[in-house]
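1. let me see the structure of the following:
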Amino acid sequence: MRLFDLTGKKAIVTGAAQGLAYGMAEGLMEAGAEVCIIDISPKIRDAVKALQAKGLKCHGVTANLSETEELQKGFSSALEALGGVLDIIINAAGIQRRHFCEEFPLEDWNAVINVNLTSVFSLCQLAGQQYIKQNSGGKIINMASMLSYFGGYTVPAYAASKGGVAQLTKALSNEWASKGINVNALAPGYMDTEMNTALIADEKRNTEILGRIPAKRWGTPEDMKGVAIFLASSASDYLSGAIIPVDGGYLGK
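-> Residues are numbered from 1 along each chain as shown. Next comes the predicted model:
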């Protein structure tokens, strides 16, 4: 048995038109999986074309995961594209809003919580129902964050949502591990993505951040591939309810 082989597996990855989710989706496909990516961004078309051009098995579904009806339709469409079978889901879609806490608009709070936490629960629930229906077990990989461990600055909604993702992951694991459904989360550290463009451009903050990362660099989508494949494969069959940092050693310092 090849522990990290995903040949024949069917996967959904949300938010995968770019960034970390794109890297993880590509990693699953490189390991043999057929993947349907779900994203609201028009970049999804180019992403699918680029992945297919590499000979990878990729489908794309456009959906606004902040809208319940669209989320459900998006999941159904992705499942249909995969032939009605699901083995893996990575819930990586997320948004960010920055304001001082005393000025944080409730509208922005609700938007962040809705996309980063409520939609994650809904997709976990849909995937869990599908796995139970298939009687096959399955893998659920959620996207936590360094902000699952500490509060950050000017990002109270994001910190609350990612703390919630960590606890949701544990709660689902408690109920579903006995059914062969592994529920885990990845907690990326400081990553060189569009979401962090402002931080990278801020010379003072960039220097402070790099000074605490033992690896002495920002992470990249490539850094997410191996651990995503691990959690999606049979190599992690006895791992559930875990929050795994991918942070260049940041939390250990």
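
2. wait, is Pro245 part of a strand?
-> Yes. Using DSSP: H, G, I helix; E, B strand; the rest coil, the secondary structure at Pro245 is a strand.

3. list the buried residues for the helix or strand bottoming out on mean pLDDT in the chain?
-> Sorted by mean pLDDT, DSSP states H and E, the helices and strands of the chain end with helix 197-201, the least confident at a mean of 82. Applying a neighbour-count criterion of 16 or more other C-beta atoms under 10 Å, one finds Ile200 buried in helix 197-201. For the C-beta atoms, the positions are set from N, CA and C on the backbone; glycine is no exception.

4. which stretches in the stretch 51-200 of the chain count as strands?
-> In order along the chain, the stretch 51-200 of the chain carries the following strands (DSSP state E, counting those that start in this stretch): 58-62, 88-91, 138-143, 181-188.

5. of the ones you listed, which stretch is the most buried?
-> Among the strands of the stretch 51-200 of the chain, judged by mean count of other C-beta atoms under 10 Å, the one packed with the most neighbours on average is strand 88-91 (a mean of 28).

6. which residues touch that one?
-> Under the criterion C-beta atoms under 8 Å, 6 or more residues apart in numbering, residues 6, 9-14, 16, 21, 24-25, 28, 33, 119-120, 123-124, 127, 138-143, 228, 232 lie in contact with strand 88-91.

7. cutoff 7 Å now
-> 9, 11-14, 21, 24, 28, 33, 120, 123-124, 127, 138-143, 228, 232 (C-beta atoms under 7 Å, 6 or more residues apart in numbering).

8. ChimeraX command for the buried members of those?
-> Command for ChimeraX, covering only those of the contacts of strand 88-91 found buried under the criterion 16+ other C-beta under 10 Å:
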select :9,11,12,13,14,21,24,28,33,120,123,124,127,138,139,140,141,142,143,228,232
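
9. just checking, next helix/strand downstream of the least confident helix or strand of the chain?
-> helix 203-212 (DSSP states H and E).

10. before we move on, the earlier item: Ser77: which of the strands of the stretch 51-200 of the chain is closest?
-> Distances from Ser77 to each of the strands of the stretch 51-200 of the chain were compared by C-beta to C-beta, and the smallest falls on strand 58-62, at 4.7 Å.

11. what lines up beside the closest one in the sheet?
-> Neighbouring strands of strand 58-62 in its sheet, by DSSP bridges, are strand 34-39 (parallel).

12. how is the nearest residue to Lys43 once chain neighbours are set aside assigned, secondary-structure-wise?
-> Counting by C-beta to C-beta, 6 or more residues apart in numbering, Lys43 lies nearest to Ala17, which is 4.1 Å off, once chain neighbours are set aside. Classification of Ala17 using three-state DSSP returns coil.

13. so Ala17 makes contact with Lys49?
-> No. With contact defined as C-beta atoms under 7 Å, Ala17 does not reach Lys49; the gap is 11.4 Å.

14. for those two, indicate the residue with more neighbours.
-> Under the criterion of other C-beta atoms under 10 Å, the comparison of Ala17 against Lys49 puts Ala17 first, with 23 against 11.

15. next one: phi and psi at the most centrally placed residue in the chain?
-> Of all residues in the chain, the one closest to the mean position by C-alpha atoms, centre = their mean is Ala92, 2.3 Å from it. Main-chain torsions, Ala92, degrees, to the nearest 10: phi -120, psi 0.

16. and it, how far from Ile209?
-> Taken as C-beta to C-beta, to the nearest Å, the spacing of Ala92 relative to Ile209 amounts to 22 Å.

17. I'm done for today, thanks for sticking with me.
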